[in-house]
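Chemist: what follows is a protein structure lacking sequence information:
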């Protein structure tokens, strides 16, 4: 025994078949009244309306698409998350595809870079593995998008089917009305059916035009057979004629609109109003008004085809520009590159060519893929030559490591020396020699630099200490700053401007000798306390404190402490980045947890806190790097 819904499906399919048969009869009559060109123009716009009819529930335009190629992987994931959370799933296809394209390109480049480094270190290609928390987050978001999208379109299909049944039911009622209705009430019943038709939502594009043509055919039949209510009928015909003439006037005006895409969209709206909102006109006027509307449609149709012909020509120009860049890449000569600097210059030149390729313009996927593959092959040729060079460069880096280790041992042997003149000159020469030696393997770079710097700093700290015995003028500065420090202690709730004035007055008193710098520390604590008491954002307060300290060091020309401060900030940035990466990696283990899970919320909150900290540390690093010292 058939289920209830199966019976309904059979009935709907039978009704659709009947509608199709009736529609074919209507189309034969209509097409006899049009030229071939006009038929093509009208058919095209009717197909576009049918396609859009499915999307009537999604009328709002999609958001503007940004240039995702300029975003980092992290920013792309954030943009995808924001796009999913801030927009209906049916409105974001273009944005999601843009993000996917940019992410796949950037992650593919990162993967290739990691693999190249792995192979250069002696790894086997089959053993290469690379995972990233950012890729995990991206995959999760993309999976969520697909689930939401599929659920939306499943619901939409159900709604379209339901609406189709309702429209077929109205057509059947209209046919019954024409055949059997009471002449005294048939006009009122007809109006009710018209109102019911207008309230029904969208149907699928495959049935939109067929159902409408059949419905419209029976509406015209009704009016043609309506004898007892001629006054109502004639009034309707007159009103409908006025409205259709207005639409024809608007359609003719659209032929002058500069933007053909805007004109075509508005023409679609006019056709839909013609179909859905306005009834028939008198029989003797039908062919005439429809012919005028069809001719207006043909003008815009022809303009649109000319526009796309021009676009195809522009696409060919873009392709030629991109292929010219590919030729330049293939002809790029690296045979004279002998040093790291030579290759760095070539890398810069190649990057300029890459930008020239992207700046040439955008192409649809069907036209861009072949050119893109040629571009990738050309850049791969350059990268292969570069990788060969840097593989040999590693041998040179090992030699550089030996030279720098020798300088470290010499610096460490002198760090306790009291032969100030000779040792100072030797250490300065060692520092100059260090700068002349090239790169060392990356894994040793930080460690040997710290060791070398520690030896040099130790010696020069002792050297400056013995030179910094107090003289009379220095003592006056110490006394003046001690006295000024007491006045600062007595200040109550100073303003931001007042604090800056105090700082300037302190600096104007002069620089303290090295063995009295603790007074600066006391002053800095008072200033920090005063800044903390201001009604300011905590990040602004943190930056004010930081700039005060480094500006003071710069004023004293204390290069060593400025270097130390910069190293400290870099270290904090590395620590925060590692914390964020670890937490984001941890989030990957909660893929099945809901967003309101306390553990997930806690981890996300900590990630946001660390990201806020990272912003201020980066701002500090930028500030100290811009100091002239």
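Modeler: Happy to help now that I have it. These figures come from a predicted structure and were not determined experimentally.

Chemist: just say helix, strand or coil for residue 607.
Modeler: Three-state call for residue 607 (DSSP: H, G, I helix; E, B strand; the rest coil): helix.

Chemist: ok, residues contacting stretch 360-373?
Modeler: Stretch 360-373 is contacted by residues 314, 315, 318, 319, 321, 322, 323, 325, 326 when judged by Cβ atoms under 8 Å, 6 or more residues apart in numbering. For glycine as for every other residue, the C-beta is placed from the backbone atoms N, C-alpha and C.

Chemist: just those now: which is nearest residue 549?
Modeler: Nearest to residue 549 among those: residue 325, at 49.2 Å, using Cβ to Cβ.

Chemist: pretty sure the closest one contacts residue 356?
Modeler: Yes - contact criterion Cβ atoms under 8 Å: residue 325 and residue 356 qualify, at 5.2 Å.

Chemist: between those two, which is the more surrounded one?
Modeler: residue 325 (21 against 15; other Cβ atoms under 10 Å).

Chemist: and stretch 492-508, how far out from the chain's middle?
Modeler: Distance, stretch centre to chain centre, for stretch 492-508: 44 Å (Cα atoms, centre = their mean, to the nearest Å).

Chemist: show the average pLDDT along it.
Modeler: The average pLDDT for stretch 492-508 rounds to 83.

Chemist: now do the buried residues in it.
Modeler: By neighbour count on 16 or more other Cβ atoms under 10 Å, the buried set for stretch 492-508 is 494, 499, 502, 503, 506.

Chemist: just how off-centre is stretch 188-203 within its chain?
Modeler: Relative to the centre of its chain, stretch 188-203 is centred 44 Å away, using Cα atoms, centre = their mean.

Chemist: in that stretch, what's buried?
Modeler: Across stretch 188-203, burial judged by 16+ other Cβ under 10 Å covers 190, 193, 197, 200, 202, 203.

Chemist: please name the nearest non-neighbouring residue to the most centrally placed residue in the chain.
Modeler: The residue lying closest to the centre of the chain (Cα atoms, centre = their mean) is residue 68, at 4.0 Å. Spatial nearest neighbour of residue 68, excluding adjacent residues (Cβ to Cβ, 6 or more residues apart in numbering): residue 102 at 3.8 Å.

Chemist: before we move on, what about residue 84?
Modeler: Spatial nearest neighbour of residue 84, excluding adjacent residues (Cβ to Cβ, 6+ apart): residue 145 at 5.8 Å.

Chemist: the one you found: what's it in contact with?
Modeler: Residues near residue 145 by Cβ under 8 Å, 6+ apart: 80, 84, 89, 92, 96.

Chemist: got the contact list for residue 138?
Modeler: 73, 76, 77, 80, 103, 107.

Chemist: nearest to residue 572 among those residues?
Modeler: residue 73 (22.6 Å).

Chemist: go ahead and confirm the closest one touches residue 111.
Modeler: No - using Cβ under 8 Å, residue 73 is not in contact with residue 111, being 11.1 Å away.

Chemist: please narrow the contacts of stretch 360-373 to those residing in helices.
Modeler: Taking DSSP state H, the ones among the contacts of stretch 360-373 that sit in helices are 314, 315, 318, 319, 321, 322, 323, 325, 326.

Chemist: and the fifth one, how many neighbours does it have?
Modeler: This means residue 321. Number of residues near residue 321 (other Cβ under 10 Å) recorded here: 15.

Chemist: now for it: which residues touch it?
Modeler: By Cβ under 8 Å, 6+ apart, the contact set of residue 321 is 360, 361.

Chemist: gap between it and residue 309?
Modeler: 20 Å (Cβ to Cβ, to the nearest Å).

Chemist: now do residue 619
Modeler: From residue 619 across to residue 309, the span is 53 Å (Cβ to Cβ).

Chemist: from the ones in helices among the contacts of stretch 360-373, which is closest to residue 511?
Modeler: Closest approach to residue 511 among the ones in helices among the contacts of stretch 360-373 (Cβ to Cβ): residue 325, at 56.5 Å.

Chemist: related to what we said a few turns ago, pretty sure the residue nearest to residue 68 contacts residue 79?
Modeler: No - using Cβ under 8 Å, residue 102 makes no contact with residue 79, being 9.1 Å away.

Chemist: and these two? Which one has more around it.
Modeler: Between residue 102 and residue 79, residue 102 has the larger neighbour count (other Cβ under 10 Å), namely 21 against 18.

Chemist: secondary structure element for that one?
Modeler: Residue 102 belongs to helix 93-120 when assigned by DSSP states H and E.

Chemist: cool, and residue 213?
Modeler: Assigning secondary structure by DSSP H and E places residue 213 in helix 205-225.

Chemist: got the angle between the next helix or strand after that helix and helix 205-225?
Modeler: As assigned by DSSP H and E, the chain's next helix or strand after helix 205-225 is helix 230-254. Using axes from the mean of the first three to the mean of the last three Cα atoms, to 10 degrees, the inter-axis angle of helix 230-254 relative to helix 205-225 is 140 degrees.

Chemist: stretch 177-185: end-to-end distance?
Modeler: Length of stretch 177-185, first residue to last, Cα to Cα, to the nearest Å: 10 Å.

Chemist: touching that stretch from outside, list them.
Modeler: Contacts of stretch 177-185 (Cβ under 8 Å, 6+ apart): 186, 189, 190, 193, 218, 221, 222, 225, 228, 229.

Chemist: hmm, the fourth one is touching residue 172, no?
Modeler: The reference is to residue 193. No - assessed by Cβ under 8 Å, residue 193 is found out of contact with residue 172, at 10.2 Å.

Chemist: which neighbours do residue 102 and residue 79 share?
Modeler: 68, 71.

Chemist: hmm, back to that, a markdown table for the contacts of stretch 360-373, including distance to residue 546 and pLDDT?
Modeler: Listed next are the contacts of stretch 360-373 as a markdown table, based on distance: Cβ to Cβ, whole Å; pLDDT from 0 to 100:
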| residue | distance to residue 546 | pLDDT |
| --- | --- | --- |
| 314 | 52 | 78 |
| 315 | 53 | 79 |
| 318 | 49 | 83 |
| 319 | 52 | 83 |
| 321 | 48 | 86 |
| 322 | 47 | 86 |
| 323 | 52 | 88 |
| 325 | 45 | 86 |
| 326 | 49 | 87 |
